[in-house]
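Chemist: Provided below for reference: sequence and predicted model.
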Amino acid sequence: MTPTVTFAIIIVVVALSFDFLNGFHDAANSIATVVSTRVLSPRVAVLWAAFFNFVAAFTFGTAVARTMGKGMIRLEGVNLYVILAGLLGAILWDILTWYYGLPVSSSHALMGGYAGAAIAKAGWGVILLNGWTRMLIFIIVSPAIGFVLGGGLMLAVYWIFKAWSPQRLDKYFRKLQLFSAAAYSFGHGTNDAQKTMGIIAGTLFTAGILKKFYIPYWVVLMAYAAISMGTMAGGWRIVKTMGMKITQLKPVGGFCAETAAAVSLLGTAMAGIPVSTTHTIAGGIMGVGSVQRFSAVHWGVARSIMWAWVLTIPISGFVSYGVFLLIHRFFPAA
């Protein structure tokens, strides 16, 4: 085994560690609503979410993975040190935001980290603007879609079930929320695990293990397994922020928020657009809360979350830029 292949295997392990952390960090997105409405206990909820994260491996393609692997950074300007620095920057930002209970996008941390390290290596010309344009647009569009769909579904439910008593409505939507939570977790798996697949495939291609860029099926299974195990580990600090601090949810609201986010995630996954699962579900929760009454949303909490969204890409990029320079200092060949 050559030193290059050994180094590539180490980076794949780091990438899978990030994928695990992604599932751990974003577990709140998958379970916050169903836990806060007390439809499922936390333990059952994470198992439910992890199962549907993994099921996504067998039902969706790899369009997002291809975009992430070769659609945002010129591969000829990347080496294995760039990929390692990008992953480490994303991991550091994820750990910091988890500690403070901020539901930021692990996906955007990975994108920012990858870009920052690549710029440190090859300059701004390494960035593929076309791939970044769609992603940056969807930083705004993704939560907006969640907000509009969540609010629209909530209004539709109020109108369709206006003759029902609150007790009957609650009982009915407790059952439906099992399906909406499953759909959201499925969407989470189709989008987030694919981003790590793209990074791993890029690593294998850069190391010469793959002669052309594609996503091997064993990479698909490893990425989905890692994110599912991370989801099972759970990130309880963020559950409190997502499920309880933004607005108070009932089963009908949880159903509408999860359904809105699932529709958005599945649509963008089919289009190959890497979006934030965090942004879509938070937008859905805010939309549901706004329909009940505008003051039902704790806008101070929402504002803190939005600032974290804005800062994720530049901060993770800056950290990875610094990590690459540090690596280059000790390993000039980088």
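Modeler: Received, thanks. Numbering: from 1, shown residues only.
Chemist: Every contact and neighbour count from this point should use C-alpha atoms.
Modeler: Fine.
Chemist: Any buried residues in the helix or strand hosting Val46, and which?
Modeler: If you go by DSSP states H and E, Val46 is part of helix 42-55. Buried residues in helix 42-55, counted by 16 or more other C-alpha atoms under 10 Å: 42, 45-55.
Chemist: Packing partners of the helix or strand where Trp309 lies?
Modeler: Trp309 is part of helix 299-330, with elements assigned from DSSP H and E. Using 3 or more C-alpha pairs under 8 Å, 6 or more residues apart in numbering; DSSP states H and E as the contact criterion, the elements in contact with helix 299-330 are helix 80-99, helix 106-122.
Chemist: tell me what the last one is packed against?
Modeler: Right, helix 106-122. helix 3-36, helix 80-99, helix 299-330.
Chemist: give me that answer again for 10 Å
Modeler: If you count contacts as 3 or more C-alpha pairs under 10 Å, 6 or more residues apart in numbering; DSSP states H and E, helix 106-122 packs onto helix 3-36, helix 63-70, helix 80-99, helix 129-160, helix 166-206, helix 277-292, helix 299-330.
Chemist: orientation of the first one relative to helix 166-206 in degrees?
Modeler: Relative orientation of helix 3-36 versus helix 166-206 (axes from the mean of the first three to the mean of the last three C-alpha atoms, to 10 degrees): 180 degrees.
Chemist: now the angle between helix 277-292 and helix 3-36, please.
Modeler: Going by the same axes, to 10 degrees, helix 3-36 makes 20 degrees with helix 277-292.
Chemist: Which neighbouring elements make contact with helix 3-36?
Modeler: Under the contact criterion of 3+ C-alpha pairs under 10 Å, 6+ apart, the helices and strands touching helix 3-36 comprise helix 42-55, helix 80-99, helix 106-122, helix 166-206, helix 217-233, helix 236-240, helix 251-271, helix 277-292.
Chemist: chain center to it, what's the gap?
Modeler: In terms of C-alpha atoms, centre = their mean, to the nearest Å, the centre of helix 3-36 is found 10 Å from the chain centre.
Chemist: so which of the helices and strands packed on helix 106-122 is the most packed in?
Modeler: Highest mean neighbour count among these (mean count of other C-alpha atoms under 10 Å): helix 277-292, with a mean of 27.
Chemist: any idea how far it is from the chain center?
Modeler: Mean-position distance between helix 277-292 and its chain equals 16 Å (C-alpha atoms, centre = their mean).
Chemist: Quick check: mean pLDDT of that helix?
Modeler: Taken as a whole, helix 277-292 has a mean pLDDT of 79.
Chemist: From here on, call the first residue 427.
Modeler: I'll keep to 427 as the first residue from here, and by that count the last item is helix 703-718.
Chemist: Measure how it sits relative to helix 677-697, angle-wise.
Modeler: Relative orientation of helix 703-718 versus helix 677-697 (the same axes, to 10 degrees): 140 degrees.
Chemist: Helix 703-718 versus helix 532-548: what angle between them?
Modeler: Using the same axes, to 10 degrees: helix 703-718 against helix 532-548 is 140 degrees.
Chemist: Just the CA coordinates for helix 703-718, please, in CSV.
Modeler: Listed next in CSV are the C-alpha coordinates belonging to helix 703-718 (Å, rounded to 0.1, in the frame of the first residue of the first chain):
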residue,chain,number,x,y,z
THR,A,703,-31.8,20.4,6.0
THR,A,704,-31.5,22.7,9.0
HIS,A,705,-32.7,25.7,7.0
THR,A,706,-35.7,23.9,5.6
ILE,A,707,-37.1,22.5,8.8
ALA,A,708,-36.4,25.8,10.7
GLY,A,709,-38.3,27.7,8.0
GLY,A,710,-41.2,25.2,8.2
ILE,A,711,-41.4,25.6,12.0
MET,A,712,-41.3,29.4,11.7
GLY,A,713,-44.1,29.3,9.1
VAL,A,714,-46.3,27.1,11.3
GLY,A,715,-45.7,29.4,14.3
SER,A,716,-46.5,32.5,12.3
VAL,A,717,-49.9,31.2,11.1
GLN,A,718,-50.9,30.5,14.7
